[in-house]
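J.: can you look at this prediction? I've put the sequence above it.
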Amino acid sequence: MNTPDKKILFVDDEPQVLETISLIFRGWHFTTAVGAEAALKAISDDKFAVVISDQRMPGMTGAELLKKVREIAPETIRIILTGYSDMDSIIEAINSGEVWRFINKPWDNGKLKGTVKAAVDLYEVNQMLKEQQKAGQAVNVKQSDTDTVLFIDKLVEHLKRYQALFEESYNICTSETLPDALKILESKPVSVIACDSSLASEEGADFLAAVKQRFPAVVTIFMSDSKDANEAIRLINEGQIFRYLVKPFPRQALMDAVQEAIQKHNELKLLPKEMINATPRVVSFSQMMSDIRRRREEKKAY
């Protein structure tokens, strides 16, 4: 559950859906809003740790609402409930940083509660870091001289282009396979991974999910040839990708994404030490992938 100072706001244009959610979250501290305008008023009047919005609403989509929420209350954790796949909205939500998780309808009640609880916990950690920074207990977020970016792509010519584009700004590592990428991650500190979907979408998604569990401060960018809504939702829910770039994209878009990812990495390094596995145990690639698939089958949250 949550505390009164970490309230949750549920938004939907259908009152009956909000009634169902109210029953599921009985005993929690939350507010409901029918539609986006009511939600914006609630956010202007009160402070919320988490906002969960339906995507398909008249007048303003959930992604559009959460973009406004981010402007009004940037510390609020934002989640979308969606019963359909609007890929353009999903990509926009990922790349604009509005959405922390997507939850598909119909949802599993236990998984929904687990996801919301995780969001409240994240909000609490972020607030703690903010207080530490105010008290002078945390270091300033600065780009390191040794930030390393790992590009993963099966095409050597692509890797050579990435090397040439970024080698003056960062330490660049390249890999043509996921097992070799894991060896690099275990041998040196990596700040950002930029992974191409040519390495098989499903396996690549599993890999990024496993990397996020073992190396929480590593920030990931996914580069894809297609607009696959299910792939994108899975990547943000399990791999916590930072950016989803659809090819062909402008060179500047990749440069901006890497720069923003480096900044995000340096923010994540401020997390409490117990949340960062700085020296993960070395395991084989097959074992790591097996572990992440087992966790996916057993997981209680989206």
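T.: That came through fine. Residues are numbered from 1 along each chain as shown.
J.: what's the helix or strand residue 131 falls within packed up against?
T.: Under the assignment given by DSSP states H and E, the secondary-structure element containing residue 131 is helix 109-134. When contacts are defined as 3 or more C-beta pairs under 8 Å, 6 or more residues apart in numbering; DSSP states H and E, helix 109-134 sits against helix 15-24, strand 50-54, strand 77-82, strand 101-104. C-beta coordinates here come from the backbone N, C-alpha and C atoms, glycine included.
J.: how about residue 253, phi and psi?
T.: In terms of degrees, to the nearest 10, the main-chain angles of residue 253 are phi -60, psi -40.
J.: what sits against the residue sitting nearest the centre point of the chain?
T.: When the chain is reduced to its mean C-alpha position, the closest residue under C-alpha atoms, centre = their mean turns out to be residue 240, at 3.4 Å. With contact taken as C-beta atoms under 8 Å, 6 or more residues apart in numbering, residue 240 is in contact with 212, 220.
J.: show the pLDDT at it.
T.: Residue-level confidence at residue 240 comes out at 82, pLDDT.
J.: which SS class is it?
T.: Here residue 240 is coil, with the state taken from DSSP: H, G, I helix; E, B strand; the rest coil.
J.: circling back to that earlier point, give me the angle between the helix holding residue 131 and strand 77-82.
T.: 160 degrees (axes from the mean of the first three to the mean of the last three C-alpha atoms, to 10 degrees).
J.: ok, and what's touching the next helix or strand after helix 109-134?
T.: Stepping forward along the backbone from helix 109-134, the first helix or strand reached (DSSP H and E) is strand 148-152. Counting contacts by C-beta under 8 Å, 6+ apart, the residues outside strand 148-152 that touch it are 158-159, 162-163, 166, 170-178, 181, 184-185, 188-196, 199, 258, 262.
J.: the helix or strand harbouring residue 257 - contacts with which helices or strands?
T.: Counting by DSSP H and E, the element that carries residue 257 is helix 251-268. The contact analysis (3+ C-beta pairs under 8 Å, 6+ apart) places helix 251-268 against helix 156-166, strand 192-196, strand 219-224, strand 243-246.
J.: report the buried residues of the helix holding residue 131.
T.: Of the residues in helix 109-134, 112, 113, 115, 116, 117, 118, 119, 120, 123, 126, 129 count as buried by neighbour count, 16 or more other C-beta atoms under 10 Å.
J.: was I right about the third one contacting residue 100?
T.: No. In this structure, residue 115 is not within contact of residue 100 by C-beta atoms under 8 Å, at 9.2 Å.
J.: find residues that contact each of those two.
T.: Between them, residue 115 and residue 100 share the contacting residues residue 79, judged by C-beta under 8 Å, 6+ apart.
J.: what about stretch 158-168, distance to the chain center?
T.: 26 Å (C-alpha atoms, centre = their mean, to the nearest Å).
J.: contact partners of that stretch?
T.: Under the contact criterion C-beta under 8 Å, 6+ apart, stretch 158-168 has outside partners 149, 151, 153, 172, 174-176, 194, 196, 251, 254-255, 258.
J.: residue 224: which of those residues is nearest?
T.: Within those, the smallest distance to residue 224 is 7.9 Å, found for residue 196 (C-beta to C-beta).
J.: what's opposite that closest one in the beta bridge?
T.: Following DSSP bridges, residue 196 is listed with bridge partners residue 223.
J.: is it true that it touches residue 223?
T.: Yes. Contact criterion C-beta under 8 Å: residue 196 and residue 223 qualify, at 4.9 Å.
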